[in-house]
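S.K.: just to be clear, the model below is a prediction. Sequence and coordinates:
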Amino acid sequence: MSDLTTQYLGLTLKNPIVASASPLTKKIDSAKKLDAAGVGAIVMYSLFEEQIIHESLELDHYLTRGTNSFAEALSYLPDLGTYAMGPGKYLDHLTAVKKSVSVPVIGSLNGVSKGGWTKYAHYMQEAGADAIELNLYYLPTDPDLTTVELENTYLDLIFDVRSAVKIPMSVKLSPFTTALPNFAKRCVEAGANGLVLFNRFYQPDFDLDNLEVVDSLVLSSSDELRLPLRWVSILYGKVNADLALTTGVHTATDVIKSMMAGAKVTMIASELLKNGYDRIPDILTTMQFWMEEHSYQSIHQMQGSMSQQAVKEPAAFERANYMRVLGSYRDLP
């Protein structure tokens, strides 16, 4: 039987399927089901920057100042919805999950400013997290904010969190980066042990009946695998960090492609939300069958085998291939 074990962030995982940050880990029973289904590790749902702000003295200052001028001062704060859980309860829940499962548990911090991140990263370590995933989820809308300023903010944050903890740390990146390979390299230099590609920004929609902007959650599909697959392939061997692929992982084929690109793990959520925990053993069984049929003895053997540095035509990952793809399309009669 083929060996499915992989190394990620210094942790030995029994297979490369990791349950990514999602509501699936908000309950102990759900985490136990993920463990029983066979995942290699679990990433906790995120502790958001807004939740930390809610708890800070700085919040009281802004609320007090705002109420003198605006009747709707509370609207300054984002609506956290039912997803939110206070930082203290989050840490208690992380400890409970860690005690309830047999696989590594990775804490998740979601934000961009320094604030209390270093403190809460340390708290996560004390709560039992085996590693931390720092999720740089930020949408720059200020036209005066430069790329250099934003990237330096990110890098300072990574450095500060790295300085606060001894456990491994990965950084979850956005695909909307001007020079991704350079920024990825600088993230590693700032202290990241791993890079997770990519953040999936949820896009708002318009309600035309009420003329309102509404939240709209659309789960991923396998078609979305191509973007992170391309960049994992390009970054493999160029940055000294473990690569994780997330977004678009739904099938055994998706996992195998990700391994061949150079990922150490794949992260999955949408498939489980749509089709349940039983998909995990189904994917693992199909992977085993494919690997044995194609004479792969281990996951390690295939990792990076189709990265940019390994394939015969490296230009297939670059713009040089763009005209060929367009030229292959035939007009309808």
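M.R.: On my side now, so go ahead.

S.K.: residue ranges with poor pLDDT in the stretch 201-333 of the chain?
M.R.: 315-333 (pLDDT under 70).

S.K.: please redo it, this time with the cut-off set to 50
M.R.: Filtered on pLDDT under 50, the stretch 201-333 of the chain yields no residues whatsoever.

S.K.: wait, what's in contact with Leu217?
M.R.: Counting by C-beta atoms under 8 Å, 6 or more residues apart in numbering, Leu217 makes contact with Tyr202. Backbone N, C-alpha and C define where each C-beta goes, glycine included.

S.K.: hey, where'd the helices end up in the stretch 1-150 of the chain?
M.R.: Along the stretch 1-150 of the chain, counting by DSSP state H, counting those that start in this stretch, helices occupy 28-37, 49-55, 57-67, 87-100, 117-127, 147-164.

S.K.: and if you look at the stretch 201-333 of the chain?
M.R.: Going by DSSP H, counting those that start in this stretch, the stretch 201-333 of the chain shows helices at 226-235, 252-261, 270-275, 279-293, 299-302, 322-327.

S.K.: most packed of the ones you listed?
M.R.: Greatest average neighbour count among the helices of the stretch 201-333 of the chain goes to helix 252-261 (a mean of 23), per mean count of other C-beta atoms under 10 Å.

S.K.: who does it touch, helix- and strand-wise?
M.R.: Helices and strands touching helix 252-261, by 3 or more C-beta pairs under 8 Å, 6 or more residues apart in numbering; DSSP states H and E, are helix 226-235, strand 265-268, helix 279-293, helix 299-302.

S.K.: what does the last one rub up against?
M.R.: By C-beta under 8 Å, 6+ apart, the residues outside helix 299-302 that reach it are Ser2, Asp3, Leu4, Thr5, Thr6, Asn15, Pro16, Ile256, Met259, Met260, Met291, Tyr296.

S.K.: just the longest one next, same as before
M.R.: Contacts of helix 279-293 with the rest of the structure, by C-beta under 8 Å, 6+ apart, involve 1-2, 4, 15, 17, 34, 37-39, 251-253, 255-256, 268, 271-272, 297, 302.

S.K.: any idea how far that helix is from the middle of the chain?
M.R.: Counting by C-alpha atoms, centre = their mean, to the nearest Å, helix 279-293 is centred 23 Å from the centre of its parent chain.

S.K.: show me the beta-bridge partners of the residue nearest to Ser46 when sequence neighbours are not counted.
M.R.: Once flanking residues are discounted, Ser46 sits nearest to Asn110: 3.7 Å by C-beta to C-beta, 6 or more residues apart in numbering. Counting by DSSP bridges, Asn110 is bridged to Phe48, Asn135.

S.K.: nearest to Val311, out of the helices and strands packed on helix 252-261?
M.R.: helix 226-235 (8.1 Å; C-beta to C-beta).

S.K.: for that closest one, which helices and strands make contact with it?
M.R.: So helix 226-235, by 3+ C-beta pairs under 8 Å, 6+ apart, packs with helix 180-190, strand 194-197, strand 242-246, helix 252-261.

S.K.: 6 Å instead?
M.R.: strand 194-197, strand 242-246, helix 252-261 (3 or more C-beta pairs under 6 Å, 6 or more residues apart in numbering; DSSP states H and E).

S.K.: possible to save the helices and strands packed on helix 252-261 as JSON lines with distance to Val161?
M.R.: Shown next, in JSON lines, are the helices and strands packed on helix 252-261 (distance: least, C-beta to C-beta, whole Å):
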{"stretch": "helix 226-235", "distance to Val161": "21"}
{"stretch": "strand 265-268", "distance to Val161": "20"}
{"stretch": "helix 279-293", "distance to Val161": "30"}
{"stretch": "helix 299-302", "distance to Val161": "29"}
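
S.K.: looks like Ala21 contacts Phe48 (just checking).
M.R.: No - contact between Ala21 and Phe48 fails when scored by C-beta atoms under 6 Å: they sit 10.7 Å apart.

S.K.: still on that earlier bit, what's the most distant pair in the contacts of helix 299-302?
M.R.: Once C-beta to C-beta is applied, the contacts of helix 299-302 give Thr5 and Met260 as the farthest pair, at 16.8 Å.

S.K.: count the residues that sit near the residue nearest to Ser46.
M.R.: By other C-beta atoms under 10 Å, the residues close to Asn110 number 22.

S.K.: pretty sure it is touching Asn135, no?
M.R.: Yes - at 4.2 Å, Asn110 counts as touching Asn135 under the criterion of C-beta under 6 Å.
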